[in-house]
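Q: here are the coordinates; sequence isn't available:
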């Protein structure tokens, strides 16, 4: 397992956030139209009521984006995509263009491969430091948190290896979740899905009836505490992870979600004690879970504004709100391909920490021409779309 933390000193000019749509040319083709980039939409400007009216406070932005690891890019999996836009040279520059021009203070990226050979250095040159964790086993991709080093300082971090759940099995259960193999559901699975190709078949990985085999999915995550470089030096916890993909393995996904929140609660207490503060908390990820399924229900079940989805709310150590659900509503999709269209990516925040979203990153409408035919394409170099928000930490929380 590889974990890398880097810090840099040189500061390059940073593009500001804009309140209007932008287009940026790329080198992919001189005959292509410019890429259309998303914008942050103010909650007030959108006509949507925020949780409360924000006062003046500390403001920062965060984007979550599954950038689609090049290791998983095959023409057989994306026959709808122009072949030239699947090549690494074109995709890498397109991804870099999107990341640079989003200009977020924090970037939570999933499916990051080519970290040392491409992303680390290129993001350094654009004013970002980063921390990265590669997946277990033979997987080439991982999760990375990139942050503007003139905005925040990394003060503490932990890695999450969901393979550790194997050591917690008791009578076929982990964290109260029955780890069981649904043979019928697996038999009906579409073998041509992109995500299905990412993981070796269950039979090749061992007996899927064995909980130890089921739980060893080589998924990882990062939890990091940052001290904002403002007079108040607020501490913000940012977590980034990538939950297991298979929709038929809901038991594994729910066990991972429960383990994630238990680790978050422990880390938050550690940060609170170590720095004598009440840190804000943001969790961003590709959860590979649609709104309303067990993982989503569990993550939001501690929110008093949501109806209880589980009998034992004490099992949820941290209350969470979804940025999009609490502002504009969850989008119809964050992943858009002919084989699957739906919402898999979320940004959650803990509403008890005097933090709230004041804007959200816009997403294309279903009829938008830039997603016609499915992703990835010239406008969108991944099969996922970036999601994001701008947050304000209220004056009450500022020392």
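A: Perfect, I can see it now. These figures come from a predicted structure and were not determined experimentally.
Q: Any regions of this protein where pLDDT drops low?
A: Judged by pLDDT under 70, the chain has its weakly predicted residues at 1-35, 45-56, 182-205, 303-315, 353, 395-399.
Q: Geometric centre of it: which residue is closest?
A: Central residue of the chain (Cα atoms, centre = their mean): residue 285, 2.3 Å from the mean position.
Q: Now stretch 336-350: buried residues?
A: 336, 337, 339, 340, 343, 344, 345, 346, 347, 348, 349, 350 (16 or more other Cβ atoms under 10 Å). C-betas here are computed from N, CA, C, even on glycine.
Q: Can you pull the phi and psi angles for residue 164?
A: Phi and psi for residue 164, reported as degrees, to the nearest 10, are phi -60, psi -20.
Q: Relative to residue 181, how far out is it?
A: 21 Å (Cβ to Cβ, to the nearest Å).
Q: Compare neighbour counts for the two and give me the winner.
A: Neighbour count, other Cβ atoms under 10 Å: between residue 164 and residue 181, residue 181 has more, with 18 against 13.
Q: For that one, give its distance to residue 219.
A: 18 Å.
Q: surely residue 298 meets residue 254?
A: Yes: Residue 298 lies in contact with residue 254 (Cβ atoms under 8 Å); the separation is 6.3 Å.
Q: Tell me which of the two has more neighbours.
A: Of the pair residue 298 and residue 254, residue 254 is the one with more neighbours under other Cβ under 10 Å, namely 24 against 21.
Q: For that one, give me its contacts.
A: 177, 294, 295, 298 (Cβ atoms under 8 Å, 6 or more residues apart in numbering).
Q: ok, it to residue 378 distance?
A: 37 Å.
Q: cool, and residue 130?
A: For residue 130, the distance to residue 378 equals 27 Å [Cβ to Cβ].
Q: which of the contacts of residue 254 sit farthest apart?
A: The distance between the two most remote of the contacts of residue 254 (Cβ to Cβ) is 10.9 Å, for 177 and 295.
Q: ok so, going back, reformat the buried residues of stretch 336-350 as CSV; add secondary structure and distance to residue 223.
A: Below are the buried residues of stretch 336-350 laid out as CSV (DSSP: H, G, I helix; E, B strand; the rest coil; distance: Cβ to Cβ, whole Å):
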residue, secondary structure, distance to residue 223
336, strand, 29
337, coil, 30
339, coil, 32
340, coil, 29
343, coil, 24
344, coil, 21
345, strand, 18
346, strand, 16
347, strand, 15
348, strand, 13
349, strand, 14
350, coil, 13
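Q: farthest pair in these?
A: 339 and 350 (34.6 Å).
Q: So in this protein, which helix runs the longest?
A: Ordering each helix of the chain by length in residues (DSSP state H) puts helix 250-275 first.
Q: so what does whichever helix or strand comes after it touch, helix or strand wise?
A: Downstream of helix 250-275, the first helix or strand assigned by DSSP states H and E is strand 280-286. In terms of contacts (3 or more Cβ pairs under 8 Å, 6 or more residues apart in numbering; DSSP states H and E), strand 280-286 is packed against strand 58-66, strand 106-112, strand 235-242, helix 250-275, strand 345-349, strand 387-393.
Q: All good on my end, thank you.
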